[in-house]
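[1] here is a sequence with its predicted model. Questions after.
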Amino acid sequence: MSDAGNKTILQLRNLRKSYPSIDGDPLEVIRLRQFDLGASEQIVLVGQSGSGKSTLLNLIAGILLPDEGEILVNGTNPTQLSEAARDRFRAANIGYVFQSFNLLQGFTALENVLLGQMFGSGNGGTDRAAQLLNNVGLGHRLHHKPRALSVGEQQRVAIARALVNAPPLVLADEPTGSLDSKNGAAVLELLRRICAEGNHALLLVTHDPQVMSSFEKVVRLEDLQ
Amino acid sequence: MNLVKIVIKNMRQRALATWLTGASVMLGVALAVAILLIKQGVQQRFEQGTLGYEMVVGAKGSPLQLVLNTVYNLDISPGNISWKLFEQLRDDKRVKLAVPFSVGDNYKGFRIVGTTDAFFKDFEFEPGRKPELASGRVFNFSEDALKSAFREAEERAREREARERGEEVKPAPEPEHVEHPFEAVIGSTVAEQTGLTNGEKFIAAHGVQPSAEAKEHTENPWTVVGILQPTHTAVDRAIYINLDSFYHIEGHELRAPGGQAKEEKPAAEEKDNDPDPGQVSSIVLKLRSPITAFGLYREINDREDAQAAFPAAEIRKLFDIVGNIDKLLLAQAILILVVGGVAIAVSIYNSMSERRREIAILRALGARRETIFAIVLLEAVTICLFGAAAGLVGGHVVVAMANGALYKASGFVIPAFHIQPLEWYVLGVAVILGAVSGLGPALGAYRTDVAKNLAPTS
């Protein structure tokens, strides 16, 4: 679905992923023919619960490996890299925002963002991490631990962490799923704005109609099969 | 942000578990260090204490008992030997110096040792170190007075035994004049702990150990005439008196060599055959040459009434025996250390369910499996290392604290803050222990399923 003339940041071709079921037969959770995402493009991918949305994001991030098919992120097929190289590639090229924030509880907001930087480019240091937190409205909460932050604030920290290495691709897995509608709308607006400003492509998966409605491009997972 | 910061954060996040597991390692190391320090310190002090005592001669019995009694003022005397043997040894060409000692009384638990002024003038308790006065003077010694005292003591023994048989007892002749009776030179610890000063008198009690039933020699108070400088040896804990005064005291009758009461003989025969009936508890010898030592040692041990012992050899034997107990204690300390290592492994294992999510997050952020493995391993090693370091300090502090009691009991202290080379190995062992105990949890962390553990928990 990339715009013509726009560089494609993500290409998925003939992707399949199965898990062994209880009775031993493989249970196919992903069957996808083709999907493209252009640089700076923002697409929402929708599907029912259990339709494999999170699995797809984990495949793109190189956390899971497909049974078949090809994944190209920024021109590189991460599945062909060694595990260590794939980890480095993920840190440098993919920002990941989770439904349940996944912040480390023992670390402050600033430290959580710095953790993202540590495994990625390492560029910018504390100044960039603080600047990003300032951009998401948490300049006054740098040294607060997650427990001292509201859920909305926690998700903003997670957004700052996802962007700290300036990745060309941001994956967001139900980023508003743990937030109330007001906080959800605010976080979504923030995520989209920051990705647009930084030219980060955004692939967001959700089953929330309200989220879908705020995107120009909505793709249904079942339409990709 | 770096690995060490992550490890420290993890440890602080589980502060209680970190402290408790670190404390168990600390206890093991502190115990091991304290045992090593005390063992080495005591052995060193004991071995140092034998330096001036080349050979000790005493009654037949345990040579270790003889050495402990003569050199360290510990244990009881195995018995008496004759003054004549002392004279023979003193006049032996192979002997450079012979100093006699007689024990039998105490003052407030401090042993009273009868000796001659040679102990102060010629005897070096360590090479180049003689007992030196801090104040006052030493007592003067006269061999004539001593022999007179011997005869007096023998007469008293004869009277006592006659009384026991129900025979009529003739009054003892007036004792010959003794010029310097009942004077004492006290060790520095005695002065410090009893508060005795020059010119003060004290009453000795019979026996080398304090006892409620012990008879006090109230008729013979001693006067302190000198106080010795600290030597950090058993000398500090002794009260030295003139040997002739010792035998003036009621109850210090002569006994047959080996501790038995001296056999009764007709007075005339005694006078004819035994003009010097004296006895002493032991004799310390300094030899002219170490080459002749073994020959003299054999000659003395061939006698029926005496034995010779090399203090250094006896103390080595003692520590060979004590060394086995040390090994048991060390084994116990190592077991505590191992328990500490197991506690670390269990603690990290127990926290793995919550850690798996954190590990998955770190992996999602780009951390390699090896990095995760290193973080968990480093945490276990760090806990062990900090525990061991605290244990090293703790062990030294324990010894420093125990030094007060040790000084009171033995008169010497152990250099508590002298670091033993072995302690660096303890730190090395702690690192290995940490690595071994962290290996299992680290492998578990290494294998963490990222996708499964990233899923929302609610």
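    Sure, I can see it.

[2] residues touching whatever residue of chain B ends up closest to chain A, list them.
    Closest contact between chain B and chain A, by Cβ to the nearest Cβ, is at B:Gly366 (2.3 Å). (C-beta placed from N, C-alpha, C; glycine too.) Taking Cβ atoms under 8 Å, 6 or more residues apart in numbering or on different chains, we find B:Gly366 in contact with A:87-88, A:90-92, A:116, A:119-120.

[3] kindly report the same for B:Phe119.
    By Cβ under 8 Å, 6+ apart, the residues touching B:Phe119 are B:99, B:131, B:240.

[4] how about the helix or strand harbouring A:Gly184: buried residues?
    Under the criterion of DSSP states H and E, A:Gly184 resides in helix A:181-197. Using 16 or more other Cβ atoms under 10 Å in any protein chain shown as the test for burial, helix A:181-197 gives A:183-184, A:186-188, A:190-192, A:194-195.

[5] widest-spaced pair of the residues you listed?
    Spanning the widest gap among the buried residues of helix A:181-197 are A:Asn183 and A:Cys195, at 18.3 Å by Cβ to Cβ.

[6] hmm, back to that, where is pLDDT lowest across the contacts of B:Gly366?
    Lowest pLDDT of the contacts of B:Gly366: A:Gly120, 78.

[7] skipping its backbone neighbours, what lies nearest that residue in space?
    In this structure, A:Gly120 finds its nearest non-sequential neighbour in A:Asn165, 3.3 Å apart by Cβ to Cβ, 6 or more residues apart in numbering or on different chains.

[8] A strand includes the one you found, no?
    No. A:Asn165: not assigned to a strand; according to DSSP: H, G, I helix; E, B strand; the rest coil it is coil.

[9] so who does it touch?
    A:91-92, A:95, A:116-117, A:120-121, A:123.

[10] for B:Val4, which non-adjacent residue is closest in space?
    In this structure, B:Val4 finds its nearest non-sequential neighbour in B:Leu378, 7.4 Å apart by Cβ to Cβ, 6+ apart.

[11] for B:Gly394, same thing?
    Using Cβ to Cβ, 6+ apart and skipping the chain neighbours, the partner closest in space to B:Gly394 is B:Ala30 (3.6 Å).

[12] let me see the mean pLDDT of the helix or strand containing the one you found.
    Element membership of B:Ala30, judged by DSSP H and E, is helix B:15-49. When pLDDT is averaged over helix B:15-49, the result is 83.

[13] again with stretch B:124-138
    Here the average pLDDT along stretch B:124-138 is 88.

[14] ok, back up a step: okay, the contacts of B:Gly366 in CSV with distance to B:Thr115, secondary structure and neighbour count next?
    Compiled in CSV, those are given as follows (distance: Cβ to Cβ, whole Å; DSSP: H, G, I helix; E, B strand; the rest coil; neighbours: other Cβ atoms under 10 Å in any protein chain shown):
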residue, distance to B:Thr115, secondary structure, neighbour count
A:Asp87, 82, helix, 26
A:Arg88, 83, helix, 17
A:Arg90, 87, helix, 28
A:Ala91, 84, helix, 25
A:Ala92, 87, helix, 17
A:Gly116, 82, helix, 28
A:Phe119, 79, helix, 22
A:Gly120, 83, coil, 22
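
[15] close to chain A: what parts of the stretch 301-450 of chain B are there?
    Residues of the stretch 301-450 of chain B lying close to chain A by Cβ under 8 Å from any Cβ of the partner chain are B:357-358, B:360-371, B:450.

[16] show me the two of those that sit farthest apart.
    Maximum pairwise distance among these (Cβ to Cβ): 19.7 Å, between B:Arg357 and B:Glu370.

[17] of these two, who's got more company?
    B:Arg357 (19 against 12; other Cβ atoms under 10 Å in any protein chain shown).
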